[in-house]
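*Asks:* Kindly generate the corresponding structure for this input.
(one chain, ligands or ions: 1)
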Amino acid sequence: MSANARRAVVCGAGGFIGAHLVKRLKREGFWVRGVDLKAPEFAPSEADEFLTEDLRDPQVCRAAARNVDEVYQLAADMGGAGFVFTGENDASIMHNSALINLNMARAAVESRVGRIFYSSSACIYPEYNQTDPDNPNCAEDSAYPAAPDSEYGWEKLFSERMYLAYQRNCGIAVRIARFHNIFGPEGTWDGGREKAPAAICRKVAEAADGTEIEIWGDGRQTRSFLYIDECLEGVRRLMESDFTGPVNIGSEQMVTIDELAAMAMRIAGKRLKLKHISGPTGVRGRNSDNRLIREKLGWEPSLSLEAGMRATYRWIAGQLAARRGRASAPAPAGE
Ligand code: NAD
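*Replies:* Next comes the predicted model:
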């Protein structure tokens, strides 16, 4: 690393996107500090320094922001539909994530950080624009009048506004992206916080050929999914640009959940039946609208969903095989 390498802190560096972002920044020659409650689950962090701390604490935010040029704020209390839409986690989602953002924005200004990135979400878009699975409206300027379908979305919208207020009043440059369903290897794939692509890959990998897997809802709800490498490319391009956002970072390749399951089966070479059961599903339709990112950054993601799903399926099947190997291995002597 050169003596004048740019210095960045990644908040949420133990999480899926944060851990990948640390790797990406290191590859670009940054000195990187990571902060999270936990280390990354699947591979050691590549950060130069890693603080295992709680970002709800203002002192930790001050330590995180000390002596860096850029802050990437990705830490949040979050998960997939099974975590966000049941209602059981609403108070902690709002309390924990709002505290992290309030404290981090203040700490970044106090430490005279030049630029802060904030990861917002497609979940801020109003439910009333996402009732038709074939024609959801997720243009950036459709966010108001606000009516997100979850408290997770409301907190994101509040924090977007809070960061924009800091930019207006305190002279810090803010960049905001609204991520749309990011997926890929080294993401949560079981335990309740996993998202649809990982959950479907796991179910398909676990199922014997000819059996059935369960799908939440009628399977006709639509979504788009963005591969992790494309997400990071978008984040870095936004950070280097003079555009504040908020801007969608997502794919425009919309599929139904049944089509996503069919794709996973094709990749696995298995024929399975889909059993539709009731479960938390969120809005009926959602797709990224990439007109603004094309206009402002002259770029948009281009990798096909199938290419991303192949890489993700391979990784999850490998995780399952390793777990089975551990379960069937003889216990070490003495146990
Ligand atoms: P993730 O859950 O894997 O990562 C979030 C990390 O934040 C976790 O490692 C968690 O331990 C950490 N964290 C939570 N509370 C903390 C605290 N009090 N102190 C320190 N660390 C804390 O999630 P992700 O998928 O990597 O998402 C990263 C960001 O992108 C989040 O802000 C999320 O809301 C946003 N986002 C993600 C998606 C997606 O599809 N993955 C979509 C939209 C928005």
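
*Asks:* Which stretches in the stretch 51-200 of the chain count as strands?
*Replies:* All strands of the stretch 51-200 of the chain, identified by DSSP state E, counting those that start in this stretch, fall at 70-73, 115-121, 173-179, 182-183.

*Asks:* Put together TSV for these, with mean neighbour count, distance to residue 143 and mean pLDDT on each row.
*Replies:* Bear in mind the C-beta positions are built from the backbone N, C-alpha and C, glycine included. What follows is those, written out as TSV (neighbours: other Cβ atoms under 10 Å; distance: least, Cβ to Cβ, whole Å; pLDDT from 0 to 100):
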stretch	mean neighbour count	distance to residue 143	mean pLDDT
strand 70-73	26	19	98
strand 115-121	24	10	98
strand 173-179	22	9	98
strand 182-183	24	19	97
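
*Asks:* a markdown table for those strands, including distance to residue 59?
*Replies:* Shown next, in a markdown table, are those (distance: least, Cβ to Cβ, whole Å):
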| stretch | distance to residue 59 |
| --- | --- |
| strand 70-73 | 16 |
| strand 115-121 | 19 |
| strand 173-179 | 23 |
| strand 182-183 | 30 |
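
*Asks:* The ones you listed into CSV, with extra columns for distance to the ligand?
*Replies:* Putting the strands of the stretch 51-200 of the chain into CSV (distance: least, Cβ to the nearest ligand atom, whole Å) gives the following:
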stretch, distance to the ligand
strand 70-73, 8
strand 115-121, 4
strand 173-179, 3
strand 182-183, 4
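
*Asks:* Tell me which of those sits nearest to residue 283.
*Replies:* Of all the strands of the stretch 51-200 of the chain, strand 115-121 sits nearest to residue 283, with 12.3 Å by Cβ to Cβ.

*Asks:* got the contact list for the residue in the chain that the ligand sits nearest to?
*Replies:* Proximity of the chain to the ligand (Cβ to the nearest ligand atom) peaks at residue 15, 2.0 Å away. Counting by Cβ atoms under 8 Å, 6 or more residues apart in numbering, residue 15 touches 36, 40, 74-75.

*Asks:* and the ligand, which of the residues you listed contact it?
*Replies:* When Cβ under 6 Å from any ligand atom is applied, the members of the contacts of residue 15 adjacent to the ligand are 36, 74-75.

*Asks:* what number of residues lie near the residue nearest to residue 63 when sequence neighbours are not counted?
*Replies:* Closest residue to residue 63 in three dimensions, ignoring its sequence neighbours and counting by Cβ to Cβ, 6 or more residues apart in numbering: residue 51, at 6.4 Å. Using other Cβ atoms under 10 Å, residue 51 has 17 other residues around it.

*Asks:* wait, residue 11 sits on residue 35?
*Replies:* Yes. Counting by Cβ atoms under 8 Å, residue 11 does reach residue 35; the two are 5.1 Å apart.

*Asks:* who's more crowded, these two?
*Replies:* Using other Cβ under 10 Å as the criterion, residue 11 and residue 35 rank with residue 11 on top: 31 against 28.

*Asks:* Thank you, goodbye.
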